[in-house]
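1. Return a 3D structure for these sequence lines:
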Amino acid sequence: MKKVLFLALALLVASASFTPTEAAKKKKQKKAEPEVQAPAPVVLTTGSDSLSYAAGMMLTNGLIGYLQQQLKVDTAYMADFAKGFQESISDTEDPHELARRAGQQIASQVKQGMLPRLKNDFTGTPDTIINNLLYRGFADAIVKDTTVMKADDADAFFKAKQHYNQQAREEQQTKAGRDFLAQNATKEGVITTPSGLQYMVLVKGEGDVPQATDRVKVNYEGRLIDGTVFDASSKHGNQPATFQPNQVIRGWTEALTMMPVGSKWRLFIPQELGYGERQAGQIPPYSTLIFDVELVSIEK
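-> From the prediction side, this is the model:
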């Protein structure tokens with residue numbers, strides 16, 4: 001796949017040596033304008049190619065209003081904005097350079113914020129976001145270049161791909177959790193409640209059992225079914241975490257309102273009793289969760 005060609009300045013290198021007269025003549029000569037290379041033709045070979053280009057075009061939705069209102073860019077200078085999106089700029093205040101500076105600002109936002117989020121959205125799916133094609137789709141959309149795709153087509157294509165890949169990831173993640181819980185339920189010591197929550201008693205406590213509105217102190221560690229530790233009370237200081245059982249995910253609420261103080265249980269929480277379709281920090285959507293939970297005390 002051809003790389004996107006960015007604009008470059010031709011560098012003039014002096015030859016070995018010259019006389020003062022030649023140097024003076026050279027100073028008087030007008031500097032030639034740098035040659036601007038035309039963008040390379042876009043070649044979309046794979047589904048990921050088309051997805052990436054469409055994603056770049058899609059990211060420009062609503063951008064014109066933002067440029068006009070927030071960055072004071074005259075839309076007559078969109079070509080300069082597109083250049084500024086891909087190359088460094090000077091500090092002059094003419095409208096050309098203002099548009100170029102705006103392009104640089106937006107490029108930073110795309111690279112540091114929008115692009116990582118989009119790449120994360122397609123992690124674990126059949127498609128990926130390819131940086132250079134996303135940038136090219138973005139730049140082409142700004143100057144209304146529809147050689148490869150029309151804006152409406154790009155938007156529709158991206159949304160269709162996004163929906164398909166989200167469904168594929170949901171099915172894959174849900175199936176992995178469902179298969180894990182089905183196998184786990186057959187292990188000795190694992191108890192399954194009517195809601196689907198599974199737990200194993202590691203240490204049997206003899207204290208009181210909290211109500212949903214009590215404040216409890218707990219030590220815990222949370223893992224994904226692949227063993228990845230995503231959180232632990234030890235990461236937040238030396239003291240147990242304090243909260244009400246009704247302020248946490250449903251799997252925790254159910255378990256804590258069955259645990260006597262002094263207990264330590266291992267919880268196996270299906271995604272329906274966890275975060276469901278939501279991304280929660282390092283926890284992907286539709287994740288089955290494993291927690292080791294120690295109920296330290298109840299604050300009446």
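2. which stretches of the protein form helices?
-> According to DSSP state H, the chain carries its helices in the segments 20-28, 47-58, 63-69, 78-86, 95-109, 115-121, 131-142, 151-184, 250-256.
3. With distance to residue 286 and mean pLDDT added, can I get those helices in CSV?
-> From N, CA and C alone the C-beta is placed, and that goes for glycine too. Formatted as CSV, the helices of the chain follow (distance: least, CB to CB, whole Å; pLDDT from 0 to 100):
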stretch, distance to residue 286, mean pLDDT
helix 20-28, 67, 43
helix 47-58, 22, 93
helix 63-69, 32, 91
helix 78-86, 36, 84
helix 95-109, 29, 85
helix 115-121, 14, 89
helix 131-142, 26, 94
helix 151-184, 4, 91
helix 250-256, 14, 97
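4. Of all those, which one comes closest to residue 271?
-> Shortest distance between residue 271 and these, using CB to CB, is found for helix 151-184: 5.7 Å.
5. by contact count, what packs against that closest one?
-> Packing partners of helix 151-184 (3 or more CB pairs under 8 Å, 6 or more residues apart in numbering; DSSP states H and E): helix 47-58, helix 115-121, helix 131-142, strand 264-269.
6. which stretch among these comes nearest residue 159?
-> Nearest to residue 159 among the helices and strands packed on helix 151-184 is helix 47-58; the distance by CB to CB comes to 7.9 Å.
7. Run the angle between the closest one and helix 151-184 for me.
-> 120 degrees (axes from the mean of the first three to the mean of the last three CA atoms, to 10 degrees).
8. how distant is helix 47-58 from the center of its chain?
-> Mean C-alpha position of helix 47-58 versus that of the full chain (CA atoms, centre = their mean, to the nearest Å) differs by 16 Å.
9. List of residues touching stretch 135-148?
-> 4, 39, 42, 44, 52-60, 63, 78-79, 81-82, 85-86, 107, 110, 149, 151, 154 (CB atoms under 8 Å, 6 or more residues apart in numbering).
10. Now do the buried residues in that stretch.
-> For stretch 135-148, the neighbour count (16 or more other CB atoms under 10 Å) marks 135, 136, 137, 138, 139, 140, 141, 142, 145, 148 as buried.
11. and the end-to-end length of that stretch?
-> Start-to-end span of stretch 135-148 (CA to CA, to the nearest Å) is 14 Å.
12. same question, stretch 180-189
-> For stretch 180-189, the first-to-last residue distance is 16 Å (CA to CA).
13. who's residue 200 bridged to?
-> Beta-bridge pairing for residue 200 (DSSP bridges): residue 190, residue 266.
14. residues contacting it?
-> Counting by CB under 8 Å, 6+ apart, residue 200 makes contact with 187, 189, 190, 191, 265, 266, 268.
15. most neighbours, which of the residues you listed?
-> Neighbour counts for the contacts of residue 200, by other CB atoms under 10 Å, peak at residue 268, which reaches 25 neighbours.
16. Excluding chain neighbours, give the residue nearest to that one in space.
-> residue 198 (3.8 Å; CB to CB, 6 or more residues apart in numbering).
17. in terms of contact, does the one you found touch residue 192 like I think?
-> Yes. Using CB atoms under 8 Å, residue 198 makes contact with residue 192 at a distance of 5.0 Å.
18. Please enumerate the shared neighbours of the two.
-> Joint contacts of residue 198 and residue 192 (CB under 8 Å, 6+ apart) are residue 185.
19. ok, the two, which is more surrounded?
-> In terms of neighbours (other CB under 10 Å), residue 198 is the more surrounded of residue 198 and residue 192; the figures are 23 against 13.
20. what about the more buried one, distance to residue 180?
-> 10 Å (CB to CB, to the nearest Å).
21. Which neighbours do those two have in common?
-> Listed as contacting both residue 198 and residue 180 by CB under 8 Å, 6+ apart are residue 268.
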